[in-house]
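Give me coordinates for this.
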Amino acid sequence: MTLTTLRLSKSGAQVAFHSVGRGAPLVLIHGVGLQSAAWGPQVETLSEHNHVVALDMPGHGGSDPLPNGSALEDFVVWAAEALEALALGPVNLAGHSMGALITGGVAVEYPNLVSRVALLNPVFRRSPEARAAVEARAAEISRGELDSATPLDRWFSRAASERAAREATAGWLRAVSPEGYATAYTAFATGDDTYANRIGDIQAPLLALTGSGDGNSTPAMARAIAEAAQNGTTKIIEGHRHMAHLTAPNLVNHALANWLFQPFPREVAS
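Next up, the predicted model:
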């Protein structure tokens, strides 16, 4: 995949992305600490029938960072500006982890920009204990204490089948800008409630997918999101954790393909 860049007209910020395939547009937003390459298995498969665009989140890969202290709402504005700059019309929008928070926010604030919404390993209304833990990690990252071993142990098992995905993810974590990582992680730590009360506004077909072993983006969270949405479904990938799109790509791709064929309510009415 070739990395392409564009300039946002309002902020002048550079956005880097991969663009592959033809067909209905599918835009992918990765999780905090990663980059657009983390969508490799999805880009390879789904670009057979869709025009797939995988964005580098601000401060990650080749994209310019947002200012220090930016909140989730600022990342949502960034994503909306990027979609407008791509000029693809309403898109199928999917996000993983932090990307899922951004995707949900775009669907709430800019419904005209999306046809369908997929939230992979999303967080939703963390418990007080979980919130305290993730905010403590955000503070450590902001102090420059970058520990990649701990998240990798949460995200992956020690199975040999997951070794390559784990090593690739470790490389992305090593490559991320410390400042961009800190800004995004802080927004991630404090953003799980930002749009929680407005998930019911989302009319687009919504898929909430996670791994059965994901202790932070739990199956209960995915089910709660799907139940709150007007047209939501849940998919739980059994035996996998936070990086199911890398450790069980065939299952995740199948779920995404089914979601891509769900009719939008307005299409049914017409």
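
Following element in sequence after whichever helix or strand residue 208 is part of, please.
Following DSSP states H and E, one finds residue 208 within strand 206-211. For strand 206-211, the following helix or strand on the C-terminal side (DSSP H and E) is helix 219-228.

who's in contact with that following helix?
104, 119, 122-125, 199-200, 206-210, 212, 232-236 (CB atoms under 8 Å, 6 or more residues apart in numbering). Just so you know, the C-beta spots here come from the backbone N, C-alpha and C atoms, and that holds for glycine as well.

can you list the residues that contact the next helix or strand after it?
Moving toward the C-terminus from helix 219-228, the next helix or strand (DSSP H and E) is strand 232-237. Residues from elsewhere that reach strand 232-237, judged by CB under 8 Å, 6+ apart: 202, 205-212, 219, 222-223, 225-226, 244, 248, 251-252, 255, 259, 262.

Over to stretch 30-40?
1, 3, 16-18, 28, 52, 54-57, 60-61, 95-100, 121, 151, 168-169, 172-173, 175-176, 181, 184-185, 188, 245-246.

do stretch 123-135 as well
For stretch 123-135, contacts defined as CB under 8 Å, 6+ apart pick out 97, 100-101, 188-190, 192-193, 196, 216-217, 221-222, 224-225.

my guess is residue 112 meets residue 90, correct?
Yes: Residue 112 is within contact range of residue 90, at 6.8 Å (criterion: CB atoms under 8 Å).

okay, the two: which has more neighbours?
The residue with more neighbours, out of residue 112 and residue 90, is residue 90; 18 against 7, by other CB atoms under 10 Å.

Which residue, other than its chain neighbours, is closest to that one?
residue 115 (4.5 Å; CB to CB, 6 or more residues apart in numbering).

Unless I misread the structure, that neighbour falls within a strand.
Yes: the assignment for residue 115 by DSSP: H, G, I helix; E, B strand; the rest coil puts it in a strand.

what pairs with residue 52 across the strands?
residue 20, residue 26 (DSSP bridges).

check contacts around it.
18-21, 25-28, 39, 42-43, 46.

repeat for residue 184
For residue 184, the contact set (CB under 8 Å, 6+ apart) comprises 32-33, 57-60, 66, 75, 98.

got it, and residue 55?
Contacts of residue 55 (CB under 8 Å, 6+ apart): 15-17, 27-30, 36, 63, 79, 82.

how near is it to residue 10?
17 Å (CB to CB, to the nearest Å).

again with residue 184
Counting by CB to CB, the gap from residue 184 to residue 10 is 20 Å.

How about residue 2?
26 Å.

Please say which of the two ends up with more neighbours.
For residue 2 and residue 10, the more surrounded residue by other CB under 10 Å is residue 10, and the numbers stand at 10 against 6.

Excluding sequence neighbours, find me the nearest residue to the more buried one.
residue 81 is the one closest to residue 10 (CB to CB, 6+ apart), at 5.8 Å.

now do residue 76
Using CB to CB, 6+ apart, the nearest residue to residue 76 is residue 105, at 3.6 Å.

Can you flag the buried ones in the contacts of strand 232-237?
202, 205-211, 219, 222-223, 225-226, 244, 248, 251-252, 255, 259, 262 (16 or more other CB atoms under 10 Å).

Wasn't residue 94 part of a strand?
Yes: counting by three-state DSSP, one finds residue 94 located in a strand.

what are the bridge partners for the residue nearest to it when sequence neighbours are not counted, then?
Of all residues not flanking residue 94 in the chain, residue 118 sits nearest, at 3.8 Å (CB to CB, 6+ apart). Beta-bridge partners of residue 118, counted by DSSP bridges, are residue 94, residue 207.

okay but residue 118 is in contact with residue 92, surely?
Yes: contact criterion CB under 8 Å: residue 118 and residue 92 qualify, at 7.4 Å.

between the two, what contacts are shared?
residue 259.

Now for residue 92, how many residues are close by?
When neighbours are counted by other CB under 10 Å, residue 92 comes out with 26.

I am finished for the moment; much appreciated.
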